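Peer 1: Next one to model:
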Amino acid sequence: MALFLQGCEFARQHTSSLFHGTSQPSKRALKLGVLSTAKINAATVVYPARSHPDVNLYGIASTDAQMAKAATEKYGFSKSYDSFHELLDDPLINIVHISLPSNMFFEWATNALTAGKHVICEKPSTANVEETRALIDDAERRGLVLQDAFHWQFHPAAHRFKEIVDSQRYGRIIRTDAWMTSSPAVPNADPRWQYDQGGGSLMDGSYALSFTQYVLRSKRPKRILSAAARPSRDDSRVDAAMHAILLFEDEKGNPITSRIYTDMSRSRLGGILPRVWELPSIEVETDAAIIYFYNAMMPHIYHYLSITDKRTGITEYKTQNSGGPLWGGRWTTGGKGGKSYWSTYRWQLEAFLEKVRGKEPICCISNDDLIYHVECIDKIYKEAGMPARADPEEIRTGERGQMLGNSEKSNG
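Peer 2: Reported below is the predicted structural model:
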C-alpha cells in the first residue's frame with residue numbers, strides 16, 4: 001500500500017539520519033537545486049543528498065516565497081528562490097531535482113536542460129511518449145544527464161531478483177503479475193486525481209509496469225491484450241484503477257503474459273481493514289518455479305525474494321540490502337558494496353552522480369527504457385478507451401506543442 005509505505009519511509013529516513021549522521025560536502029561536491037517544496041522531497045532527495053559527500057544541498061524554489069524559505073530552514077538548504085526560473089538562472093547549480101506534478105515535468109525539465117543542468121525527474125518523467133522523446137533528444141544534444149526516478153531499480157535487491165530470473169536455473173519466464181495499490185484511497189484533493197495534472201492510477205502506479213519491463217529482456221510488448229479502467233467518479237478521464245494484460249515475447253519468440261494492476265482506491269478488507277500488507281510487488285512464473293519480489297518499490301524498508309519450486313512446493317527466501325550482483329565489487333562513497341541502510345533513493349543518487357561525473361554507471365535506466373515505458377502507458381490508456389494524460393492533438397496545437405516543436409526544430 002503506497003501511502004503506508006510513504007509514511008514508513010519518512011520515519012525510517014529520519015531515524016537513519018539520527019543514527020548514521022550526515023556527510024559534509026566535499027570541495028568537489030556538485031550543487032543541487034530542487035524545484036517544488038513537495039512533502040516527498042525529504043525522502044526522495046533531502047536525506048539521500050545529506051549522506052552523499054559529492055552533493056551540496058544548495059537551493060530550493062517554490063512559487064510561494066515563504067514556503068521556499070521554510071523548506072530552506074527545515075532541511076538545511078543554503079539558499080531559497082522565489083521562482084523556478086530564478087533557481088535555474090543560478091550558474092552555481094549543477095543538478096536539478098524536479099518533484100512537481102507530472103504535467104509540469106516536460107516544461108521544467110526542458111527549462112532545466114536549457115539552463116545547462118543535469119536533471120532527475122520523479123516518475124514518470126513526462127505525460128506521454130512524445131514528450132519523452134523530445135526531452136531525451138534535448139538532453140543528448142546538450143550532453144546532459146536526464147534520469148527518470150525509478151529509484152527501486154538501483155537497489156541491490158532488484159539486482160539479485162533479476163539475477164535469479166536471468167540465471168535460467170528455473171527455466172524460461174511464462175508469465176508475470178505486478179501490482180501497486182493504495183488502501184486507504186489516495187486523498188480526494190491529491191493532484192493524482194486531476195487529469196490536467198497528469199493524474200491516474202496507471203501514472204501513479206507505473207512502478208508495476210516498471211517491475212515488469214525490468215525483469216523482461218524484451219521491454220516492448222507485442223501488443224496489449226486487454227485494458228480495463230475503473231474511472232474516477234469525478235472525472236471519467238482519470239483511472240481510479242487499471243487492469244491490463246500485456247503480451248511480451250522472449251528472445252526465442254515464446255509468449256509471456258504480463259498482468260498489470262494499479263489502484264488508487266483499493267477497497268478495504270471487509271470494508272474496514274486497510275490492506276497495509278499489499279505492497280507494490282511482482283510475481284514471476286517460470287517453467288520450474290514461482291519467483292516473488294515482495295515490496296519491490298521500497299525494498300530498503302522491508303523486502304524478501306521467494307523462490308517456490310513448482311514440483312516440490314518448497315520455498316527458499318532471500319534478501320539483499322547491500323553489495324549484490326552489481327554493487328558487490330564496486331567502491332562507492334559508502335565503501336565497497338555500499339551501505340545496507342541506504343534507501344533506494346540513495347542508491348539512485350550514487351549511480352546518478354557517477355554518470356554525471358562521466359563514469360560508467362553500475363546501473364542506469366536507458367533512454368530506450370524510458371521511451372518503451374511511457375509508450376506502453378499511452379498504449380494501455382488507448383486500449384482502455386481513455387486519453388493519454390496530455391492528448392497528442394492538444395500537445396500539437398497548444399502551448400505544450402510549441403515547446404515540443406521548438407525542441408524538434410533545434411535538433412533539425
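
Peer 1: Could you point out which residue ranges in the chain have low pLDDT?
Peer 2: Counting by pLDDT under 70, the ranges of the chain that qualify are 1-23, 390-412.

Peer 1: give me phi/psi at the residue nearest to the spatial centre of it?
Peer 2: Centroid check for the chain by Cα atoms, centre = their mean gives residue 150 as the closest residue, at 2.6 Å. Main-chain torsions, residue 150, degrees, to the nearest 10: phi -80, psi 70.

Peer 1: Next up, the contacts around it.
Peer 2: 123, 207, 210, 365 (Cβ atoms under 8 Å, 6 or more residues apart in numbering). In this view, the C-beta of every residue, glycine as well, is placed from N, C-alpha and C.

Peer 1: Confirm that residue 308 sits in a helix.
Peer 2: No - the assignment for residue 308 (DSSP: H, G, I helix; E, B strand; the rest coil) gives strand, which keeps it out of a helix.

Peer 1: Take the contacts of residue 150 and keep only those in helices.
Peer 2: Among the contacts of residue 150, the members found in helices (DSSP state H) are 207, 210.

Peer 1: Closest one of the contacts of residue 150 to residue 164?
Peer 2: Nearest to residue 164 out of the contacts of residue 150 is residue 210 (Cβ to Cβ; 18.0 Å).

Peer 1: any idea how far residue 112 is from the closest one?
Peer 2: Distance, residue 210 to residue 112, using Cβ to Cβ, to the nearest Å: 23 Å.

Peer 1: One more: residue 345?
Peer 2: Applying Cβ to Cβ, the value for residue 345 to residue 112 is 19 Å.

Peer 1: now swap in residue 252 and tell me
Peer 2: Residue 252 sits at a distance of 42 Å from residue 112 (criterion: Cβ to Cβ).

Peer 1: Among those two, which residue is more densely surrounded?
Peer 2: A direct count of neighbours by other Cβ atoms under 10 Å for residue 252 and residue 112 places residue 112 higher, at 28 against 6.

Peer 1: Which members of the contacts of residue 150 define the maximum pairwise distance?
Peer 2: 207 and 365 (12.9 Å).

Peer 1: which one in this protein is furthest away from the centre?
Peer 2: Furthest out from the centre of the chain (Cα atoms, centre = their mean) sits residue 312, at 36.5 Å.

Peer 1: That one should be in a strand, yeah?
Peer 2: No - read with three-state DSSP, residue 312 is coil and lies in no strand.

Peer 1: Quick check: closest non-adjacent residue to residue 389.
Peer 2: Of all residues not flanking residue 389 in the chain, residue 127 sits nearest, at 4.0 Å (Cβ to Cβ, 6 or more residues apart in numbering).

Peer 1: Can you report phi and psi for that neighbour?
Peer 2: Per-residue torsions, residue 127: phi -80, psi -20 (degrees, to the nearest 10).

Peer 1: With residue 226 instead?
Peer 2: In terms of degrees, to the nearest 10, the main-chain angles of residue 226 are phi -160, psi 150.

Peer 1: okay but it is in contact with residue 383, surely?
Peer 2: Yes - when contacts are counted by Cβ atoms under 8 Å, residue 226 is listed as touching residue 383 (7.0 Å).

Peer 1: Name the residue in those two with the higher neighbour count.
Peer 2: Between residue 226 and residue 383, residue 383 has the larger neighbour count (other Cβ under 10 Å), namely 18 against 13.

Peer 1: In space, what's closest to the more buried one - neighbours in sequence excluded?
Peer 2: Spatial nearest neighbour of residue 383, chain neighbours left out: residue 227 (3.8 Å); criterion: Cβ to Cβ, 6+ apart.

Peer 1: and the one you found, what does it touch?
Peer 2: Residue 227 sits next to 242, 243, 244, 245, 380, 381, 383, 384 when contact means Cβ under 8 Å, 6+ apart.

Peer 1: List the buried residues for the helix or strand containing it?
Peer 2: For residue 227, the host element (DSSP states H and E) is strand 223-231. Neighbour-count burial for strand 223-231, counted by 16 or more other Cβ atoms under 10 Å, picks out 224, 227, 229, 231.

Peer 1: Could you do stretch 344-361 as well?
Peer 2: Using 16+ other Cβ under 10 Å as the test for burial, stretch 344-361 gives 344-354, 356, 361.

Peer 1: how much distance is there from stretch 131-151 to the middle of the chain?
Peer 2: Distance of stretch 131-151 from its chain centroid, counting by Cα atoms, centre = their mean, to the nearest Å, is 14 Å.

Peer 1: how long is it from one end to the other?
Peer 2: Start-to-end span of stretch 131-151 (Cα to Cα, to the nearest Å) is 21 Å.

Peer 1: now the lengthiest strand in the chain, how far from the centre of its chain.
Peer 2: Ordering each strand of the chain by length in residues (DSSP state E) puts strand 239-249 first. For strand 239-249, the separation from the chain centroid amounts to 18 Å (computed by Cα atoms, centre = their mean).
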